[in-house]
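Colleague: Please find the sequence and the predicted model below.
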Amino acid sequence: MRMKAIAIGAMAAALFAVRAEASAITPITPTAAELVVATTGDVTVYFAGATASFDSVLNLISPSFFGPFFQNHTTPVGTSLDLGTFTAGTVLRFRLDVTSTGNSFFTGPGAGNPDGIIHVGHATWAADGTIPVNGILVGFEDQLGGGDLDYDDNMFVFSNVSSQAVPEPAALLLIGSGLLLLGRKLGARR
């Protein structure tokens, strides 16, 4: 009986360690921003914890596919993975596969998600004893409709990555219309 209690205690401690939350230096805020390689070189991702009850894994889907990795209920916080070497300015797109529900959610604009809403938040991360790099903390919501919108269901820290705003479709239409009008005016002057 005592061995069973020790085993249960060890499993609970392991579960707590995996479910530990990351500590960011800025709040996690929802964003349609893309993750962009800051300088030519390696990009490393660290598992920063999970509060989700659903099971999930992360995948790099662009510029090439790499995954799945970081099963959220078995990966220890601080586990790192080198994603490879990328050229500065490369946009990295990620997909969180929620294996418990069959849903998938993407970094970037909400239009890429099945419910049309943003499922990712970003924050600034400062190196600590568990994740020893400065970087960007990326937190996912793992439920359709955004769940509780706290963006901490699954969290990852990326090194050598910056956040780049994505123009809204309406802004692109406005810019395109302005350029078209300018082109017509210039053409009429000839």
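Modeller: Perfect, I can see it now. Residues are numbered from 1 along each chain as shown.

Colleague: Show me the contact partners of stretch 80-91.
Modeller: Under the criterion C-beta atoms under 8 Å, 6 or more residues apart in numbering, residues 34-47, 60, 62-63, 66, 69-70, 92, 131, 164 lie in contact with stretch 80-91. The C-beta positions use only the backbone N, C-alpha and C, and glycine is treated the same way.

Colleague: So what sits opposite the residue nearest the centre of the chain in the bridge?
Modeller: Against the mean C-alpha coordinate of the chain, by C-alpha atoms, centre = their mean, the closest residue is residue 138 at 4.1 Å. Residue 138 has these beta-bridge partners by DSSP bridges: residue 122, residue 156.

Colleague: Can you check the pLDDT for residue 26?
Modeller: Confidence at residue 26, expressed as pLDDT, is 80.

Colleague: Ok, residue 176 next?
Modeller: Reported pLDDT for residue 176: 49.

Colleague: what does residue 126 give?
Modeller: Residue 126 is given a pLDDT of 93.

Colleague: Leaving out chain neighbours, which residue sits closest to it?
Modeller: Counting by C-beta to C-beta, 6 or more residues apart in numbering, residue 126 lies nearest to residue 25, which is 4.8 Å off, once chain neighbours are set aside.

Colleague: Can you name the next helix or strand after the lowest-mean-pLDDT helix or strand in the chain?
Modeller: Across the helices and strands of the chain, mean confidence by mean pLDDT, DSSP states H and E is lowest for helix 2-18: a mean of 42. Moving toward the C-terminus from helix 2-18, the next helix or strand (DSSP states H and E) is strand 29-30.
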